[in-house]
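> how would this look folded up:
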Amino acid sequence: MKVLLVDDDPSVRAMMTVMLKRSGHEVLAAEDGEQAWSVLQREATSCVISDWMMPRLSGIDLCRRIRSVDLGRYVYVLLCTARNEKEDLIMGLDAGADDFLAKPIEMAELRVRLRAGERVLELERELADRNSVLLNTNMRLEKAYNRIQRDLEAAAWMQQNLLPQPASTVNGIACEWRFWPCSVVAGDSLNCFALDEEHVGFYLLDVAGHGIPSAMLSVTISKVLAPHLLEGSPLRRSRRPETTWRSLPRSLQS
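Purely as a prediction, here's the structure:
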């Protein structure tokens, strides 16, 4: 793991650098918080071990600065301090510190704290990877949804064009209508038109169900009943004048 070591005491930096390298870590060093901040912005390190009291920018202020911006990664912060008062620890946690190292630092404790930090960073990386997968999936779903929505809107436009013009007058008869589907497309349709110079035909379709299946059947039936296809159309079939309801066979009356 790449570790950024921050301490204004050169002897402490040298000693801890040796300790960290012996544990297999790559070490970057800074002598105060300002220098450490510059290193964090150009180096992809995710672990900071910082002294609390330093000139220019203290360890706790460095921690606050890290938490105030998005570096594109989570940075695990260990604060080294001889301050062990409860109020100091609360202040450090409130600033965003993940853990504390008590001075003087012992090698065994340092190894344990860093292993805990590695586990946290690994969980953060796994979470970031999963979030990236979810983000990509959501983007693909959004594109698919937008494409489907555009197709539905085009289908709705086509279905609207099959309807008669509002406030139509057919053979002197004024026809008014309102088409208000419960979704983008619907299983309903209507039309009014002249059968000849004396007769007006109209129909109202209501296909069971909602959405695309009902709309497709509605459009198909509307095409069959289109006014320009009246020859041979079911709309032209009329019973003989002498045929009455009562004269029909009983099986047809129902």
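> can you give me the strands in the stretch 51-200 of the chain?
Here the stretch 51-200 of the chain has its strands, by DSSP state E, counting those that start in this stretch, at 76-81, 99-102, 168-170, 173-175, 188-194, 200-206.
> now do the fourth one: everything it contacts.
By that I understand strand 173-175. With contacts defined as C-beta atoms under 8 Å, 6 or more residues apart in numbering, strand 173-175 is touched by 164, 167, 168, 169, 192, 200, 202. Using the backbone N, CA and C atoms, a C-beta is placed for each residue, glycine as well.
> just the buried members of those residues?
When burial is judged by neighbour count using 16 or more other C-beta atoms under 10 Å, the buried members of the contacts of strand 173-175 are 164, 192.
> with pLDDT and distance to residue 92 added, can I get the contacts of strand 173-175 in CSV?
Listed next are those as CSV, based on pLDDT from 0 to 100; distance: C-beta to C-beta, whole Å:
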residue, pLDDT, distance to residue 92
164, 82, 76
167, 76, 76
168, 80, 78
169, 84, 83
192, 83, 80
200, 84, 86
202, 82, 81
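> sorry, back to before: closest one to residue 114 among the strands of the stretch 51-200 of the chain?
Distances from residue 114 to each of these were compared using C-beta to C-beta; the shortest belongs to strand 76-81, at 7.9 Å.
> and that closest one, what's buried?
Residues of strand 76-81 classed as buried by neighbour count (16+ other C-beta under 10 Å): 76, 77, 78, 79, 80, 81.
> so which of these is the closest to residue 38?
Closest to residue 38, out of all of the buried residues of strand 76-81 and judged by C-beta to C-beta, is residue 77, at 16.4 Å.
> what residues are up against the closest one?
Contacts for residue 77 (C-beta under 8 Å, 6+ apart) come out as 48, 50, 63, 66, 96, 97, 98, 99.
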